[in-house]
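Q: Sequence first, then the predicted structure:
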Amino acid sequence: MKYKTIIEPFRIKMVESIRMTTEKEREKFIKEAKYNLFLLKADDVIIDLLTDSGIAAMSSKQWSGMMIGDESYAGAKSWKKMESTIKDLTGYKHVLPTHQGRAAERILYGCMGGKGKTFISNTHFDTTRANIEFSNAEAIDCPTEIGKKPSAKHPFKGNMNVSKLTSTIKDKHQENVAGVILTVTNNSGGGQPVSMKNAREVSEICKKHNIPLIIDACRIAENAYFIKKREKEYKNHTYKEIAQEMFALADGCTMSAKKDGIVNMGGFLALNSQKLTEQCRNELIITEGFITYGGITGRDMEAIAIGLEEVFDPDYLQYRIASTTYLGKKLVQMGIPIMLPVGGHAVYIDAKSLYSHIPVDQYPGQALVCNLYLKGGIRSSEIGSVMFGKKEENGKRIYAPMELVRLAIPRRVYTQSHIDYVIEVFEQIKKEKIKAKGIKIVKEPKYLRHFTAHFKFI
Ligand code: F0G
């Protein structure tokens, strides 16, 4: 008998208590945090859906790995284990450890980029874009048209727009295009997957033009899940085989192990090119540490090696995607507008449509983020005009094309009843939606303002 209930495929051995708060207390906390949820104390949050990065619960196997971490400065056993796991998974010849994803990006794109160079991606994650631009190169996003429409259904909304990729290579001249980056799943595009067919097409275009293809592999296992379920010819492949096939289409990858590595800290970059590896190693030594530990401890390297195996467990992946889908489906049934279909690591609410009475210059996404905290102690993140909009020198404000709110689900942290609680809070949000007020920015820094800006309800 096959039962329809998908259970969390783990038992809980260690718990972390959640401090319950009242709406009255939360009114005070959020006021003190200037209506910016990054400025809240984590202890004042009931359900933390700010990110799925670095807050996973490690398994007992990973914790036991921590105990045998080899902390030798050079050539540690734990490094060898992490290196061989990554070589087996990616097939790339060289692996460089880093303290997290953006360190891998800074090193790699610092070496590949520079003035006059261009990178093209399905969507650059914000740290990827920042590191490319920091090297004085340019970052161009080529998502598909359907990927930009929140309610449009398509199995692979994270795909690269291949005709736009080709025309951009032509416009920029292929010798100036330093690299093509495929982000799987496409985080900024709604956590949507990229198909193998699309990856193959992108790879062929890159080969034809002699441009390196790099995979941002943060959520490669979740992407493999969607390929197995949605691309017929992969239905009998294992998740790991699918990931391996995708890596084989590219010349290297960066990965924040804080996502599909199921650890709290760590990352790496892996490459085939000997020349580029040597350049990156020199950079690595200057800022991260010796080439056999990067910025991570031996015990963390053990945990990454084990996490990268566990993440491909079919029971784990089924539970993982089922829990995100469960939340998304319930919200749809309730009539909350979300980005469809539900992605891998998060549910994205279309705040512009939910709060259609709040104009974009009053930040409907930030209003929803604040109300979710006030009503239920839920912390989420605004992915709209607060994050991507800006104030120009002449004071003119630029707004983002979408006003989304991300409910990112940490790995192995919350159970179904936590998610049911989130759903109940949304019922209240829906009841009170007409009363919801807009928000104004009262203080903002020049860069990455969403982290530190101060707000006020209008
Ligand atoms: N690439 C993608 C697609 C990411 O989602 C992230 C991080 C990074 C690179 C950078 O990795 O944080 O280890 O330096 N995303 C987190 C998030 C922060 O909340 O989505 P990092």
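A: The structure has been received and is ready for your questions. Numbering: from 1, shown residues only.

Q: distance of P359 from Y35?
A: Distance of P359 to Y35, given as Cβ to Cβ, to the nearest Å: 18 Å. C-betas here are computed from N, CA, C, even on glycine.

Q: Compare the two (neighbour count), which wins?
A: Y35 (24 against 12; other Cβ atoms under 10 Å).

Q: How about the more buried one, nearest residue that isn't a chain neighbour?
A: Nearest residue to Y35, sequence neighbours excluded (Cβ to Cβ, 6 or more residues apart in numbering): F455, at 3.8 Å.

Q: which SS state does the one you found fall under?
A: strand (DSSP: H, G, I helix; E, B strand; the rest coil).

Q: and it, bridged to which residues?
A: Here F455 sits in beta bridges with I441, as judged by DSSP bridges.

Q: need the contact list for it.
A: The contact partners of F455, by Cβ atoms under 8 Å, 6 or more residues apart in numbering, come to 34-36, 363, 366, 370, 439-442.

Q: can we see that at 6 Å?
A: Taking Cβ atoms under 6 Å, 6 or more residues apart in numbering, we find F455 in contact with 35, 439, 441.

Q: same deal with Q333?
A: Neighbours of Q333 in contact, by Cβ under 6 Å, 6+ apart: none.

Q: Quick check: it vs I47, distance?
A: From Q333 to I47 the distance is 20 Å (Cβ to Cβ).

Q: From G389, how far out is the residue nearest to Y35?
A: Counting by Cβ to Cβ, the gap from F455 to G389 is 13 Å.

Q: same check, this time on G65
A: Going from G65 to G389 by Cβ to Cβ gives 43 Å.

Q: Can you pull the residues of this structure lying near the ligand?
A: Within the chain, the positions lying close to the ligand (Cβ under 6 Å from any ligand atom) are 51, 53, 100-102, 125, 127-128, 183, 187, 216, 218, 256, 258, 267.

Q: Mean pLDDT per helix and strand in the chain: which one sits at the bottom?
A: In the chain, no helix or strand scores lower on mean pLDDT, DSSP states H and E than strand 390-391, which sits at a mean of 80.

Q: The following helix or strand past that strand: how far from the chain's middle?
A: Following strand 390-391 in sequence order, the next helix or strand is strand 397-398 (DSSP states H and E). With Cα atoms, centre = their mean, to the nearest Å as the basis, strand 397-398 stands 25 Å off its chain's centre.

Q: What lies in contact with the next helix or strand after strand 397-398?
A: The first helix or strand that comes after strand 397-398 along the chain, using DSSP H and E, is strand 404-408. The contact list for strand 404-408 (Cβ under 6 Å, 6+ apart) reads 49, 51-52, 345-349, 351, 365, 368-369, 380-384.

Q: to the chain's geometric centre, what's the distance from strand 404-408?
A: The chain centre lies 11 Å from the centre of strand 404-408; the measure is Cα atoms, centre = their mean.

Q: returning to that earlier point: with neighbour numbers in mind, choose between G65 and G389.
A: Using other Cβ under 10 Å as the criterion, G65 and G389 rank with G65 on top: 23 against 18.

Q: hang on, that one packs against A303?
A: Yes - in this structure, G65 is within contact of A303 by Cβ atoms under 6 Å, at 5.5 Å.

Q: The closest residue to the ligand within the chain: how many residues sit nearby?
A: The chain approaches the ligand most closely through G101 (2.6 Å), counting by Cβ to the nearest ligand atom. Counted with other Cβ under 10 Å, residues neighbouring G101 total 28.
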